[in-house]
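**Q** build the 3D model from these lines:
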Amino acid sequence: MITITPEPDRTGHPLRDAAVQGGAYRRRKGHCGQKPAAMVPTFAVMNPLITRRALNRATLERQHLLRRTTGSVTEVVEHLGGLQAQTPHTWYTGLWNRVAGFRPADAAGLLEARELVRIVLHRSTIHLVSARDCLAMRPLLQVVTERMTRTTFGGRLSGVDPDELSAAGRALLEARPMTFAELGRALAERWPGSEPHALGQGVRCLVPLVQVPPRGLWGRSGPIAHTSAQAWLGPALSADVPPMTPGALVRRYLAAFGPASVRDVQTWSGLTRLGEVVESLDLVRFRDEAGSTLYDLPDAPRPGADVPAPARLMYDFDNLFLSYADRSRVITETGAAAIRGFMGTNVMPRAILVDGVTAGDWTLTRAEGVSTVNLHLWEPVEAVGEVEAVEAVEAEARRLLAFLAPGDGHDVAVLDGPSRP
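**A** Sure thing, here's the model as predicted:
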């Protein structure tokens, strides 16, 4: 664990545990007969330094990437605050990376049983979450979807009453699941002067919608059809789950991604102005190597910087890479440059982690009954930790092939430079 030595205060007495008091606000006493002075921040020296490597290990520990957990799939999905899942299947690899003995049927069965759902949440993107988190998080994150929809489609929905659109869309989708194209055409019969696509997206914003199976089931496909979360999960559960508070959301984020800054929490959630929320919570503070203030739960695990980190082959939209304003704890400068090469393509590389940070990306190809994982190294072998590191990545690739293509022959190829989308 990280050892923190308390600094002496100005009276010469040691402070209380700096990990708990670090960066807290103290109220200075007023003179006799005067009101106490305003709350003022203690000295920055009280925020213990946490190195980038220590941040990396704390993050990997909470993401279950230092070792796979024996927890249930639902427990892991809730701990992570959901997995970004706009692709129907790649997120299964995200669970395989984290859950010991994970099988695709473990998650697919929960989707069919309506214990997990895929719904628009953080950053107005589709996430895989538990049924309870779906109902608890969506009211809080509704403003994010509204903001993004208004920016894109607001002008095309002028003259359409939002309450009427919400009611009409909900009625259609609860009668039977529909794609947005089907929904837009049906709504255009009532609003013939409006663009069908904009009408469908307006309902996506106004009504919490889940994508229904078979879409998202392993090895299967189906139309991108939606119904309301309330209809899919039932009135009893919908009435039983209260909306999540901003403070609870921040604590959930820190449990899976901390220590982190206010900007990091906002990047993950899409919410803004969370500074006062964070300041109101009972959190410890650190400063990173750039001097920024990072917040964390007092009892959250923070392993030492020397803890080994195994090789991992991540999926394309893993929240590990999408949930920080400052991603340097997991993405190297070389990695950031490689990722920029994919910008504008709507494709994210599937990153390879070596010693906890990006070292390349991987692709999967199949020909004549043989599935091959292609390891695209972003730096020369020597820069990623000698031959042993590459051998560890190759071994993990073969384990991944056994998960992704159990009936095929398997091969691994090592290539120089990033793949191209």
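**Q** quick one: distance of the helix or strand containing Asn374 to the chain centre.
**A** According to DSSP states H and E, Asn374 maps onto strand 370-377. Relative to its chain's centre, strand 370-377 lies at 26 Å (CA atoms, centre = their mean, to the nearest Å).
**Q** partners of that strand in the sheet?
**A** Strand 370-377 pairs in its sheet with strand 357-367 (antiparallel), strand 409-416 (parallel), by DSSP bridges.
**Q** and for it, what's in contact with it?
**A** Contact with strand 370-377 is made by 313, 352, 359-366, 384, 390, 393-394, 397-398, 400-401, 404-405, 408-419, as judged by CB atoms under 8 Å, 6 or more residues apart in numbering. Heads up, the C-betas are built off the backbone N, CA and C, glycines and all.
**Q** now which of the residues you listed would you call buried?
**A** Among the contacts of strand 370-377, the ones that count as buried by 16 or more other CB atoms under 10 Å are 313, 352, 359-364, 384, 390, 393, 397, 400-401, 404-405, 408, 410, 412, 414, 418-419.
**Q** so for the strand holding Asn374, mean pLDDT?
**A** Across strand 370-377, pLDDT averages out at 97.
**Q** about what we covered before: can I get the strands paired with strand 370-377 in CSV including mean pLDDT and distance to Met148?
**A** Shown next, in CSV, are those (pLDDT from 0 to 100; distance: least, CB to CB, whole Å):
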stretch, mean pLDDT, distance to Met148
strand 357-367, 97, 28
strand 409-416, 96, 37
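**Q** in TSV, list these along with distance to Pro139.
**A** Below are the strands paired with strand 370-377 laid out as TSV (distance: least, CB to CB, whole Å):
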stretch	distance to Pro139
strand 357-367	35
strand 409-416	46
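**Q** quick one, what contacts Arg350?
**A** Applying CB under 8 Å, 6+ apart, the residues near Arg350 are 90, 93, 313-316, 361-363.
**Q** same thing but at 6 Å, please
**A** 315-316, 361-362 (CB atoms under 6 Å, 6 or more residues apart in numbering).
**Q** any idea which helix is longest in this structure?
**A** For the chain, the helix with the greatest residue count under DSSP state H is helix 131-153.
**Q** the closest residue in space to Glu195 that isn't next to it in sequence: neighbour count?
**A** Spatially, and ignoring its direct neighbours in sequence, Glu195 is nearest to Arg156 (5.1 Å; CB to CB, 6 or more residues apart in numbering). Neighbour count for Arg156, taken as other CB atoms under 10 Å: 14.
**Q** likewise for Phe286?
**A** The number of residues packed near Phe286 is 28, by other CB under 10 Å.
**Q** same deal with Trp91?
**A** If you count neighbours by other CB under 10 Å, Trp91 ends up with 26.
**Q** which residues touch the closest residue to it other than its chain neighbours?
**A** Among residues not flanking Trp91 along the chain, Ala85 sits closest, at 4.3 Å (CB to CB, 6+ apart). By CB under 6 Å, 6+ apart, the residues touching Ala85 are 91, 118, 126-128.
**Q** secondary structure and distance to Met148 for these - can I get that in a markdown table?
**A** A markdown table is the format used below for the contacts of Ala85 (DSSP: H, G, I helix; E, B strand; the rest coil; distance: CB to CB, whole Å):
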| residue | secondary structure | distance to Met148 |
| --- | --- | --- |
| Trp91 | helix | 21 |
| Arg118 | strand | 18 |
| Ile126 | strand | 13 |
| His127 | strand | 15 |
| Leu128 | strand | 20 |
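**Q** which of these count as buried?
**A** Using 16+ other CB under 10 Å, the buried members of the contacts of Ala85 are 91, 118, 126-128.
**Q** quick one: end-to-end length of stretch 171-182, please.
**A** Stretch 171-182 stretches 14 Å from its first residue to its last (CA to CA, to the nearest Å).
**Q** can you give me the buried ones in it?
**A** In stretch 171-182, counting by 16+ other CB under 10 Å, buried: 172-173, 177-178, 180, 182.
**Q** which residues sit against that stretch?
**A** With CB under 6 Å, 6+ apart as the test, stretch 171-182 has contacts from 186, 200, 212, 223-228, 231.
**Q** how distant is it from the center of its chain?
**A** Offset of stretch 171-182 from its chain centre (CA atoms, centre = their mean): 28 Å.
**Q** excluding chain neighbours, what is closest to Phe317?
**A** Excluding the flanking residues, the one nearest Phe317 by CB to CB, 6+ apart is Gln84, at 4.3 Å.
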